[in-house]
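K.L.:
Predicted model, plus sequence, below.
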Amino acid sequence: MAENESVLEKRPPVVCARCHSLRHYGKVKDPTVENLLPEFDFYHTVGKRLVSSSGARSAVLLVVDAADFDGSFPKKVARLVSDSIEENFTAWKEGKPGNVARILLVVTKIDLLPTSLSPVGLEQWVRRRAREGGASVIKKVHFVSSVRNWGLKNLTEDVIELAGARGHVWAVGAQNAGKSTLLNAMAKCVNGNERKVSYLTEAPVPGTTLGIVRVEGVLPGQAKLFDTPGLLNPQQITTRLNREEQRLVHISKVLKPRTYRIKEGHSVHIGGLMRLDIEELSVDSLYVTVWASPYLPLHMGKTENVGTMVEDHFGHQLQPPIGDKRVKELGKWVRQEFRVSGNRWDSSSVDVAAAGLGWFGIGLKGEAILGVWTYEGVGVVLRDALIPYRAQNFEVTGFTVSKIVSKADQALNKSLSQGEKKRKQSNQEVVASAELLVSAVHEDANSC
């Protein structure tokens, strides 16, 4: 009997075809079927339990992506729980029975931010943004990296303490904020590599989790930890991109600055997704630092030429969108105006952030009027600068192509040059060279 149990423990977990495809191939088995799945009603299913003053004590893990804080912050849930906390706390002070829910704000993917950031300054910035997002009462803020195991031990200990012997802990966050990856990392932190722990499916695909899943092996006693489906934020630009376009936008490596010194009447494009126009300046120039995926091409030029950029380069040199058809499918751009001011040249004072994409850091000693263009419905906010630094070397006018495109072009040019010098070589050698080129580009694309 003991031998049979040992054999069972060594067997891989049985998962459905959808989870198998997500785990091993990073994509859903049938994208057309995904659109037919019923939408998870979070507020009806979970919301009532979070605001209930009866039953088991509850704690909420608000999981937010460090590289897309405002785009991934679950504002409705934060307001719902915060209002409940204030109401129940008032009742508790009056001597009435009832539970007071607690919020732990968990900022994931902290390894994507520069390590030079001040921890104290970062926490102050996070608390301000969370308060503006509706989380008026936060028990504690945790910064974690599930990939590097940063901050997991302290987080797990706090969760266990808050849950008590019979409490319920709910992990809540936007799609692809890293909830399932976080909970798996917490389970490993508690149990090591024991087979008895049932790990959640995780993949860089929005909407991986379909329903409420109880996570075993993390909390002791009769306390329960639940993973919930990622909340859809239609203001995130990634919700309107296809899988190939999402891969270009997805931030998977440490963010590095790309800085321009720009005068009035000039514009900066991030792919074919967002544009910043410097419309009016009280000074000669300002500094614009782009914080986004390194695989997104940029362009800086005169604002008077933006029509040509859209006509000739969207879908091609400026991707995403990928291809002319996708440019039309994504719809029209709309303009938002922001009036900004700053008192330093050497650091950014404010950010103009687009949900699901990244942000422009603005550094100036004076005032400016900025026009920001992106697709209708995409969330754009003006906020205090998250990362005040800028690059030491500035970008130049024109295109700054992505790493993938740059390496592919270099390899192609080298291949063409060699082919010109050796015209008399056999066709077989030329084919072999082309195969090596495709292989090199494919390898670089997979590495991100």
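P.N.:
Structure's in. What do you need?
K.L.:
Strands of the stretch 151-300 of the chain, start to end?
P.N.:
168-173, 213-215, 224-227, 258-263, 266-270, 274-281, 285-291, 298-302 (DSSP state E, counting those that start in this stretch).
K.L.:
And those strands, which one averages the lowest pLDDT?
P.N.:
Mean pLDDT across the strands of the stretch 151-300 of the chain is lowest at strand 213-215; the value there is a mean of 88.
K.L.:
Which positions within it qualify as buried?
P.N.:
Buried residues in strand 213-215, counted by 16 or more other CB atoms under 10 Å: 213, 215. (C-beta placed from N, C-alpha, C; glycine too.)
K.L.:
Could you do stretch 365-379 as well?
P.N.:
In stretch 365-379, counting by 16+ other CB under 10 Å, buried: 368, 370, 371, 372, 373, 374, 375, 378, 379.
K.L.:
Among those residues, which pair sits farthest apart?
P.N.:
368 and 375 (23.6 Å; CB to CB).
K.L.:
What is the neighbour count of the residue lying closest to residue 151 once chain neighbours are set aside?
P.N.:
Nearest residue to residue 151 in three dimensions, chain neighbours excluded: residue 144, at 3.9 Å (CB to CB, 6 or more residues apart in numbering). By other CB atoms under 10 Å, the residues close to residue 144 number 26.
K.L.:
got a list of what residue 144 touches?
P.N.:
106, 107, 108, 110, 150, 151, 152, 155, 182, 185 (CB atoms under 8 Å, 6 or more residues apart in numbering).
K.L.:
Please tell me how far the fifth one sits from residue 165.
P.N.:
The one in question is residue 150. 29 Å (CB to CB, to the nearest Å).
K.L.:
The residue nearest the centre of the chain: what's it in contact with?
P.N.:
In the chain, the residue lying closest to the centroid (CA atoms, centre = their mean) is residue 68, at 4.6 Å. Residue 68 makes contact with 177, 236, 251, 355, 356, 357, 358 under the criterion CB under 8 Å, 6+ apart.
K.L.:
Phi and psi next, for the last one.
P.N.:
The phi and psi values for residue 358, taken as degrees, to the nearest 10, are phi 160, psi -160.
K.L.:
can you check the fourth one too?
P.N.:
Listed backbone geometry of residue 355 is phi -60, psi 130, with angles given as degrees, to the nearest 10.
K.L.:
Against residue 395, how distant is it?
P.N.:
Distance from residue 355 to residue 395, by CB to CB: 24 Å.
K.L.:
between those two, who's got more neighbours?
P.N.:
Ranked by neighbour count (other CB under 10 Å), residue 355 and residue 395 place residue 355 first, with 26 against 21.
K.L.:
And the nearest residue to residue 244 once chain neighbours are set aside, how far from residue 271?
P.N.:
In this structure, residue 244 finds its nearest non-sequential neighbour in residue 322, 6.0 Å apart by CB to CB, 6+ apart. Distance of residue 322 to residue 271, given as CB to CB: 10 Å.
K.L.:
Pick out whichever of these two has more residues nearby.
P.N.:
residue 271 (26 against 17).
K.L.:
number of nearby residues for residue 346?
P.N.:
10.
K.L.:
got a list of what it touches?
P.N.:
363, 390.
K.L.:
and it, which of the three is it?
P.N.:
Assigned by DSSP: H, G, I helix; E, B strand; the rest coil, the conformation of residue 346 is coil.
K.L.:
Helices of the stretch 151-300 of the chain, start to end?
P.N.:
Under the criterion DSSP state H, counting those that start in this stretch, the stretch 151-300 of the chain contains helices at 152-163, 179-191, 243-249.
K.L.:
Between those, which shows the greatest average number of neighbours?
P.N.:
helix 179-191 (a mean of 22; mean count of other CB atoms under 10 Å).
K.L.:
which residues sit in contact with residue 189?
P.N.:
149, 152, 153, 156.
K.L.:
May I have the distance across stretch 265-276, first residue to last?
P.N.:
11 Å (CA to CA, to the nearest Å).
K.L.:
Show the pLDDT at residue 319.
P.N.:
At residue 319, the model reports a pLDDT of 95.
K.L.:
surely it meets residue 249?
P.N.:
No: in this structure, residue 319 is not within contact of residue 249 by CB atoms under 8 Å, at 9.9 Å.
K.L.:
Could you name every residue contacting both of the two?
P.N.:
With CB under 8 Å, 6+ apart, residue 319 and residue 249 have common neighbours 271, 296.
K.L.:
Pull out the buried residues from stretch 224-241.
P.N.:
Neighbour count says stretch 224-241 has 224-231, 233, 235-241 buried, by 16+ other CB under 10 Å.
K.L.:
how about the CA coordinates for it, as CSV?
P.N.:
Extracted in CSV, the C-alpha atoms of stretch 224-241 (Å, rounded to 0.1, in the frame of the first residue of the first chain):
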residue,chain,number,x,y,z
LYS,A,224,-8.3,28.5,3.2
LEU,A,225,-6.6,30.3,0.4
PHE,A,226,-8.4,31.0,-2.9
ASP,A,227,-7.2,32.0,-6.3
THR,A,228,-9.8,34.0,-8.3
PRO,A,229,-10.1,34.6,-12.1
GLY,A,230,-8.2,37.7,-13.3
LEU,A,231,-10.3,40.7,-13.5
LEU,A,232,-10.7,42.1,-17.1
ASN,A,233,-9.8,45.8,-17.4
PRO,A,234,-10.9,46.9,-20.8
GLN,A,235,-8.8,50.0,-20.5
GLN,A,236,-5.6,47.9,-20.8
ILE,A,237,-4.3,48.1,-24.3
THR,A,238,-3.4,44.4,-24.2
THR,A,239,-7.1,43.4,-24.2
ARG,A,240,-7.4,44.5,-27.8
LEU,A,241,-4.1,42.9,-29.1
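K.L.:
Need the contacts of residue 189 in TSV (columns: pLDDT and distance to residue 259).
P.N.:
Converted to TSV, those look like this (pLDDT from 0 to 100; distance: CB to CB, whole Å):
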residue	pLDDT	distance to residue 259
149	94	32
152	96	34
153	95	37
156	95	39
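K.L.:
Low-confidence stretches in the protein?
P.N.:
Along the chain, segments meeting pLDDT under 70 span 1-40, 51-55, 90-98, 193-210, 402-448.
K.L.:
Would you map out the domains in it?
P.N.:
Residue ranges for the domains of the chain, per automatic domain parsing: 11-233, 246-401, 404-447.
K.L.:
So residue 250 is in contact with residue 294, correct?
P.N.:
No: using CB under 8 Å as the test, residue 250 is too far from residue 294 to be in contact (11.0 Å).
K.L.:
how near is residue 309 to residue 271?
P.N.:
In terms of CB to CB, residue 309 sits 11 Å off from residue 271.
K.L.:
No more questions from me, cheers.
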